[in-house]
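A.B. asks: Model the following, please.
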Amino acid sequence: MPELPEVEVTRLGIAPAITGLRLQRVRLGKPLRWPLGCAPELLHGRVITGVRRRGKYLLLDLDQGAVLVLHLGMSGSVRILDKDNPPGPHDHVDLVFADRLLRLHDPRRFGALIYADSSDAPHVHKLLVKLGVEPLSEQFSPQTLKTGFQGRSVSVKQALLAGDVVVGVGNIYASEALFLAGIHPKTAAGRIGPARLAKLHAAVVQVLAQAVEKGGSSLRDFVAADGSHGHFQLSAQVYGRAGQPCRVCHAPIKHIVQGQRSTYYCAQCQH
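C.D. replies: Predicted coordinates for the structure are as follows:
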């Protein structure tokens, strides 16, 4: 599933390519997770005024205060292509401009494109209201983790994945951040002291920033807007390396399942 770094890489790729352009038409393929919410013809002639991200949602701002909310689902990716590029069987949305198009490719069809008259529309507000603090923003601090984890008996790995304290720390990046901070993934979130939370905060920021710099992680379907693959997974310290030696202490990397998600860690370096 594309996580925050992959979605941010997508935003960085499409924003300069479509901002200021006027939609000529919208092509819809097979139904996605949620309906568009308006007739595609109503979007013809609208101008893209900006591209934002909130968690794993991309917000394509339109003139007159409207917005298109784009989610990549489990296997989606967005490409900028020549406007005459024919769609394939897994290409479900084309936003067509004068000389190019933005295409949502999604083999599993869990992605979505939703129209709203404003970002405050109830169906958009419902998607965004419970999201935690953006980890690459100035609002994210060690105090965010201290306040959000206080009294929670759930494991710190699951608390990170929940997204209600800090948003977008997906499975790969939670494992990597916990390794960098030296915290065992089974540790109860509410039992981690201030000094270790400060290390975890720094680790989350470092890991996500590095992932964005490396173009995200391309484990299965993800490609950036220009078709390039991400390379963060090639430098992972623990994720996907079960049985291989830790790059720090050489002990074998362990693998467990938490909340139906794979967790990788080093029992020597993380405690």
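
A.B. asks: Which helix in this protein has the most residues?
C.D. replies: Assignment by DSSP state H gives helix 194-213 as the longest helix of the chain.

A.B. asks: For the stretch 151-271 of the chain, just list every one of the strands.
C.D. replies: All strands of the stretch 151-271 of the chain, identified by DSSP state E, counting those that start in this stretch, fall at 254-258, 261-265.

A.B. asks: Could you do the stretch 1-150 of the chain as well?
C.D. replies: With strands called from DSSP E, counting those that start in this stretch, the stretch 1-150 of the chain shows them at 25-28, 48-54, 57-62, 67-71, 77-82, 91-96, 100-105, 112-116.

A.B. asks: do you know which of those strands lies nearest Gln143?
C.D. replies: Shortest separation from Gln143 across these is recorded for strand 48-54, at 21.3 Å, computed as Cβ to Cβ. (Each C-beta comes from the backbone N, C-alpha and C, glycine too.)

A.B. asks: Give me the mean pLDDT for the closest one.
C.D. replies: For strand 48-54, the mean per-residue pLDDT is 98.

A.B. asks: ok, residues contacting it?
C.D. replies: Residues from elsewhere that reach strand 48-54, judged by Cβ atoms under 8 Å, 6 or more residues apart in numbering: 7-8, 11, 14-15, 18-23, 58-63, 128, 131, 134, 167.

A.B. asks: What's the local residue count around the nearest residue to Gln206 once chain neighbours are set aside?
C.D. replies: Distances taken as Cβ to Cβ, 6 or more residues apart in numbering put Leu180 closest to Gln206, at 6.6 Å, once the chain neighbours are dropped. Number of residues near Leu180 (other Cβ atoms under 10 Å) recorded here: 20.

A.B. asks: close enough to count as contact, Leu180 and Leu208?
C.D. replies: No - the pair Leu180 / Leu208 is not scored as a contact, 11.2 Å apart, by Cβ atoms under 8 Å.

A.B. asks: Model confidence for Ser218, exactly?
C.D. replies: 67.

A.B. asks: again, but for the one 4 residues further on
C.D. replies: In this model, Phe222 is scored at 80, pLDDT.

A.B. asks: What distance do you get for it to Arg191?
C.D. replies: 35 Å (Cβ to Cβ, to the nearest Å).

A.B. asks: Ok, Gly20 next?
C.D. replies: In terms of Cβ to Cβ, Gly20 sits 50 Å off from Arg191.

A.B. asks: quick one on the thing from earlier: which among the contacts of strand 48-54 end up buried?
C.D. replies: Buried members of the contacts of strand 48-54, scored by 16 or more other Cβ atoms under 10 Å, are 7-8, 11, 14-15, 18, 21, 23, 58-62, 131, 134, 167.

A.B. asks: picking up where we left off before, any idea which of the strands of the stretch 1-150 of the chain gets closest to Pro252?
C.D. replies: That would be strand 77-82 among those, by Cβ to Cβ, at 33.7 Å.

A.B. asks: Just grab the bridge partners of Leu101 for me.
C.D. replies: The bridge-partner assignment for Leu101, based on DSSP bridges, gives Leu81, Val96.

A.B. asks: Quick check: it touching Asp94?
C.D. replies: Yes - between Leu101 and Asp94 there is a contact under Cβ under 8 Å: 4.9 Å.

A.B. asks: More neighbours: the two, which one.
C.D. replies: More crowded of Leu101 and Asp94, by other Cβ under 10 Å: Leu101, with 25 against 20.

A.B. asks: Look at the residue lying closest to Val26 once chain neighbours are set aside and report its pLDDT.
C.D. replies: Nearest non-adjacent residue to Val26, counting by Cβ to Cβ, 6+ apart: Pro40, 3.9 Å away. If you check Pro40, the pLDDT there is 97.

A.B. asks: For the chain, which segments are assigned as helices?
C.D. replies: Under DSSP H, the chain gives helices at 4-18, 122-128, 142-149, 156-162, 171-181, 194-213.

A.B. asks: gap between the residue nearest to Pro245 when sequence neighbours are not counted and Gly29?
C.D. replies: Setting aside the residues directly before and after it, Pro245 is nearest to Pro252 in space (Cβ to Cβ, 6+ apart), at 6.4 Å. Counting by Cβ to Cβ, the gap from Pro252 to Gly29 is 46 Å.

A.B. asks: Between these two, point out the one with more neighbours.
C.D. replies: Gly29 (18 against 14).
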